[in-house]
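Engineer: below is the sequence, then the predicted model.
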Amino acid sequence: METGMTETLKLENTFFVFTEKGLFLAPEREYNRIHHLRIKEYTFLKSKYLPEIANRDTERVACISCFGEVVPEDFVSPLCRDVHYVVCKECMENDGREVFCPFCKEKESDNKAFQKELPDSILSLMPHQTLSSIELRPEMEVETAVRLTRETKVVLDNVAVSDYLFFRLIDMTSVTIRNKISLFGNRNSLGRCIEELDWDYGWPTRVNVYGCSEEETEQIYSNLNKTDNRTSINPWNICRNSTDICNLLKLLTGTYREDNKISLELPDNGSTEKMFCEGSNNIWIGKVRSLTLKDYAVGILPKLRIHEENVMEELSLEACHSETLIEILKEEINSIWIGKVKKLKLKYCAVEVFSKLRIHEENAMEELVLEVDYPRNIIEILKEEINSIWIGKVRKLTLEDYAVEVFPKLRIHEENAMEELSLEACHSETLIDEISKTEDRSIRIGKVRKLKLKYCAVEVFPKLRIHEENAMEELSLEACHSETLIDEISKTEDRSIRIGKVRKLTLKNYAVGILPKLRIHEENEMEEFSLDAWIKEHVFEIIKKENNSIWIGKVKKLKLKNCAVEVFPKLRIHEENAMEELCLWTYYHETLIDEISKTEDRSIRIGKVRKLTLKNYAVNILPKLRIHEENEMEWLWLHAWIKEHVFEIIKKENNSIWIGKVRSLTLKEYAVGILPKLRIHEENAMEELVLEVDYPRNIIEILKEEINSIRIGKVRKLKLKYCAVEVFPKLRIHEENAMEELSLEACHSETLIDEISKTEDRSIRIGKVRKLKLKYCAVEVFPKLRIHEENVMEELSLEACHSETLIDEISKTEDRSIWIGKVRKLTLKNYAVGILPKLRIHEENEMEE
């Protein structure tokens, strides 16, 4: 502790004050009285106490204001730790100006800190009693200031103590622990420091063991080596930067507590041999829930003796340098007992320790994670025999980077049913030495629900042997480098890699090329099949295959993105398949040129499909699809950002592309232009039709169509947004249609100039409609609409934000010339309020609102 430095803790009305001179306990009234000896930022004490706090001789110290030499009973405030000058209380009260030591101007922050420490230092200078013994309890109080020395016996009996108070007591007094204690983290220096046992049950604590002087170390030794000090500290974590924590660990004995959480990290210069002496299992930790050892701390694992019946929630070992494991690697195989453990994590060099661990025979692990960033970190473990490292049953197994190389060494329980197996390797050389030498289907993984292989780990796939009766929930393969596949998988025969039944199959980038090699179960029904290839090379081999040659069976949801769209004609789907969703999405023009554009229209059979989504260049594929004649589509969504996205389809004849019955049809941007090309079932009753266009240039082609020429049949909800409002006169709605809602929204007045403004009033027939909503510039369309004479409207809402919306057309009409019939709710907002005189409401109308 630096000269003059103090720390303070509070227990109800009692203050613990730690100073260089010792530990003091003071009642609150006395502590506050000392702190009241302050004027502004200056603390005053009698000058006779100055020699006790100064770093120099203060025999002839003077006041910096009056230059008077102070006498022992004068109240003065020292201006720096060296007490070069003081200011007397009388000068400060009369003058009040800020003063400072001319010799220590550059130490301004330290001088201010010194002023704050003075009140606690004063406590040690005042008359006080020295106690020979005291028991610390949550309800304890002291009447006057007392001092605790190294000879003072401090008793802790069935109490919870803050970590800081505990270690300061260990340093500065003679501690006796009776029964047991619990440590908790000190969240506030003036907050709780002693509580009833287990008051804060399970709170994770971080105990800081600070650097100790030789004298303090001897005091710790004497405290912790007492025969009666055998207790458990729980929960505890140690962040180690002291010279010796062996004795602290010896303190943790005598009580079985199942909620222990232990985390230990040693510095780079740690020496576990010196620290913990020779021999194994000489540090008893009993039952422990979580154990984390980092770097040199991994070396103490053989020293720890864990309870035979312990079930650990998590064991985590992490070592960044091989020299931290020199001692532990000398241990015998399977010699370090860890018992049952739910989650085991080994990172970097600590993976080398794996073969030394002995796991309970009946252990069922929740998760095993091995992560290695450099090949040099697994030199020793790679010397082990194949299937020699027993891991038993495990639900989730994750191997990252070079740890994938260890995979063949692991022996999994024969009856294991794995929830997830995840292998990820970023470097191709990861697999060269070991796994590439193994035979195909030689690494038994048994039953597994989710299998994820990323990057270079994809090359492991042919080596795996999955259980014959396995039904996989998800198979995900992602490869970013071509060499991942070239060496091994590309040499295998088509349909040679058996995957059996799988509900979700995802292949990304170069892994898409593996598809022909996979053999899917004949009776498989896939929930989702997803292919995503960013560049042409990802599908270079697969596009050479014959059309309809790659069997995928029944599939509910099929997603092809980017260059993977080109694979579509190669797929063979089950004849009785009823697809839930088909999604094709590509940014690349060349995706279609080579293969799909050459196929005949309606040559790609998709059968029945509920949802069909085509985005960007994939919209051009629509004519190639053959949809089942009796299909009833839930949703058709087409989105084309640029003209090229529909360059093929625009050439087609009107009403030439059969889409059958469809409940919801959404066309965006240039895709709106293909609406005339679609042939909808004669008896179709559409639930919703949405047309959305941001720019006038996107509808140039469709505006060439005749008025009322685009048949959309019956539709319950029709929404036209922005420039798509211009298309409205081109639509032909079924004569018997009763619309639930018609919504038109146009943000720019020029949207309507070319087409709608030319039409006559009441020329656009909309028939019966329950809700009519016109927003912004679309309000100008209102006089053009012809509503059914017998219509009873539920709601009419008109909103116009700009006056020009109305000036050109509506303002010219006569009052009560716009027939709206009966309406229950009428809402006019902003400039639309000006329309009210133009409206003609039914004589017998009764409006709700």
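Structural biologist: Arrived safely, thanks for sending.
Engineer: I'd like the mean pLDDT over stretch 10-28, please.
Structural biologist: Here stretch 10-28 scores 83 as its mean pLDDT.
Engineer: for it, what is the distance to the chain centroid?
Structural biologist: Between the centre of stretch 10-28 and the centre of its chain there are 45 Å (C-alpha atoms, centre = their mean, to the nearest Å).
Engineer: what do you get for stretch 349-368?
Structural biologist: With C-alpha atoms, centre = their mean as the basis, stretch 349-368 stands 27 Å off its chain's centre.
Engineer: what's the span of it from first residue to last?
Structural biologist: Using C-alpha to C-alpha, to the nearest Å, the end-to-end distance of stretch 349-368 comes to 16 Å.
Engineer: swap in stretch 756-770?
Structural biologist: Separation of the first and last residues of stretch 756-770 by C-alpha to C-alpha is 23 Å.
Engineer: kindly provide the whole-number mean pLDDT of it.
Structural biologist: For stretch 756-770, mean pLDDT is 81.
Engineer: and it, what's buried?
Structural biologist: Neighbour-count burial for stretch 756-770 flags 756, 759, 764, 766-770 (criterion: 16 or more other C-beta atoms under 10 Å). C-beta here means a position set from N, CA and C on the backbone, and glycine is covered the same way.
Engineer: tally of neighbours for Leu399?
Structural biologist: For Leu399, the neighbour count with other C-beta atoms under 10 Å is 24.
Engineer: please enumerate the helices of the protein.
Structural biologist: Secondary structure of the chain (DSSP state H): helices located at 28-35, 50-53, 89-94, 108-125, 163-172, 214-224, 246-251, 272-276, 483-486, 590-593, 750-753, 804-807.
Engineer: contacting residues for Trp585?
Structural biologist: 559-562, 565, 613-616, 618 (C-beta atoms under 8 Å, 6 or more residues apart in numbering).
Engineer: just the ones in strands from these, please.
Structural biologist: Counted as lying in strands by DSSP state E, out of these, are 559-562, 613-616.
Engineer: can you list these in JSON lines and add pLDDT?
Structural biologist: Shown next, in JSON lines, are the ones in strands among the contacts of Trp585 (pLDDT from 0 to 100):
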{"residue": "Lys559", "pLDDT": "96"}
{"residue": "Leu560", "pLDDT": "94"}
{"residue": "Lys561", "pLDDT": "93"}
{"residue": "Asn562", "pLDDT": "90"}
{"residue": "Thr613", "pLDDT": "96"}
{"residue": "Leu614", "pLDDT": "95"}
{"residue": "Lys615", "pLDDT": "94"}
{"residue": "Asn616", "pLDDT": "91"}
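Engineer: so how do I select the buried members of those in PyMOL?
Structural biologist: Of these, the buried ones go into a single PyMOL selection, burial set by 16+ other C-beta under 10 Å:
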select buried, resi 559+560+561+562+613+614+615+616
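Engineer: reformat the ones in strands among the contacts of Trp585 as TSV; add distance to Ile499.
Structural biologist: TSV is the format used below for the ones in strands among the contacts of Trp585 (distance: C-beta to C-beta, whole Å):
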residue	distance to Ile499
Lys559	18
Leu560	19
Lys561	21
Asn562	24
Thr613	27
Leu614	29
Lys615	29
Asn616	31
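Engineer: which among the ones in strands among the contacts of Trp585 gets closest to Ile514?
Structural biologist: Nearest to Ile514 among the ones in strands among the contacts of Trp585 is Leu560, at 15.3 Å by C-beta to C-beta.
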